[in-house]
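Asker: no letters, just coordinates:
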């Protein structure tokens, strides 16, 4: 066990445990789905719930559902009467993910959409208080610009994987399309005067973005 793994083990023993339901979902994700490590997991899942509890969003948007682990963690933090809209482009994942939502005690808070978020989100007619982006890294800038008009001023965007396993600082990886997508996104957010932002080095990096004004993008 390396130092990072030992630290993760220490952290998991000193934070709230994941529920048995989430534990079973995480195990099933890794056993039955390709790239199971993409699921948020225990540590990040507890952080997502905490952030939702702090922000208290009425409407929450998730772009990139995958197996639904992060969706359930986000939904855990929602107050009664609030809801999360989660959008997954890969319809082949629906038979795995939807039953985990349907059988969860949080099912009434979850609205599950299959399709391209670029098409679906503008049609919902909602103003969101929080957005979690964890989908195709090549399209992060497109998702970001699409959701901004649908995010209230003072609302938050959480963008996952923004350090991309350290590839953002490894020049040998700078030719790879998803790395380019993440780097372009990070540069866009860093130069955007509409928002405040901070990158938290948890897992692959989580950028927390707060919308402070609605003006068009300003870059330097």
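Answerer: Perfect, I can see it now. Computed from a predicted structure; not experimentally measured. Numbers count the residues shown, from 1 in each chain.
Asker: list phi and psi for the most centrally placed residue in the chain.
Answerer: Central residue of the chain (CA atoms, centre = their mean): residue 132, 3.6 Å from the mean position. Residue 132 has phi and psi values of phi -120, psi 120 when expressed as degrees, to the nearest 10.
Asker: so residue 70 sits against residue 133, correct?
Answerer: No - counting by CB atoms under 8 Å, residue 70 stays clear of residue 133, with 10.9 Å between them. (Glycine included, C-beta is placed from N, CA and C.)
Asker: and the strands in the chain?
Answerer: 59-63, 83-88, 110-114, 128-133, 151-160, 195-200, 206-211 (DSSP state E).
Asker: tell me how far the fifth one lies from the chain's centre.
Answerer: Per CA atoms, centre = their mean, to the nearest Å, the displacement of strand 151-160 from the mean C-alpha position of its chain is 11 Å.
Asker: same question for stretch 58-74, mean pLDDT?
Answerer: Across stretch 58-74, pLDDT averages out at 97.
Asker: same question, stretch 101-114
Answerer: 97.
Asker: which residues does that stretch contact?
Answerer: Outside stretch 101-114, the residues that touch it by CB atoms under 8 Å, 6 or more residues apart in numbering are 21, 65, 68, 71-72, 75-76, 78, 82-89, 91, 94, 97-98, 120.
Asker: which other residues reach stretch 118-135?
Answerer: Against stretch 118-135 from outside (CB under 8 Å, 6+ apart): 40, 48, 51-52, 55-64, 66, 70, 74, 85, 87, 89, 113, 117, 139-140, 142-144, 146-147, 150-152, 155-161.
Asker: give the buried subset of those residues as a ChimeraX selection command.
Answerer: This is the ChimeraX syntax for the buried subset of those, where burial follows 16 or more other CB atoms under 10 Å:
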select :40,48,51,52,55,57,59,60,61,62,63,64,66,70,74,85,87,89,113,117,139,140,143,144,146,147,150,151,155,156,157,158,159,160,161
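Asker: just to check, residue 198 is in contact with residue 205?
Answerer: No - shown here, residue 198 and residue 205 do not form a contact pair, counting by CB under 8 Å, at 10.8 Å.
Asker: who has more neighbours, these two?
Answerer: For residue 198 and residue 205, the more surrounded residue by other CB atoms under 10 Å is residue 205, and the numbers stand at 19 against 9.
Asker: what's the more buried one sitting at in phi/psi?
Answerer: The phi/psi pair for residue 205 (degrees, to the nearest 10) is phi 100, psi 130.
Asker: in stretch 79-92, what's buried?
Answerer: So for stretch 79-92, counting by 16+ other CB under 10 Å, buried means 82, 83, 84, 85, 86, 87, 88, 89.
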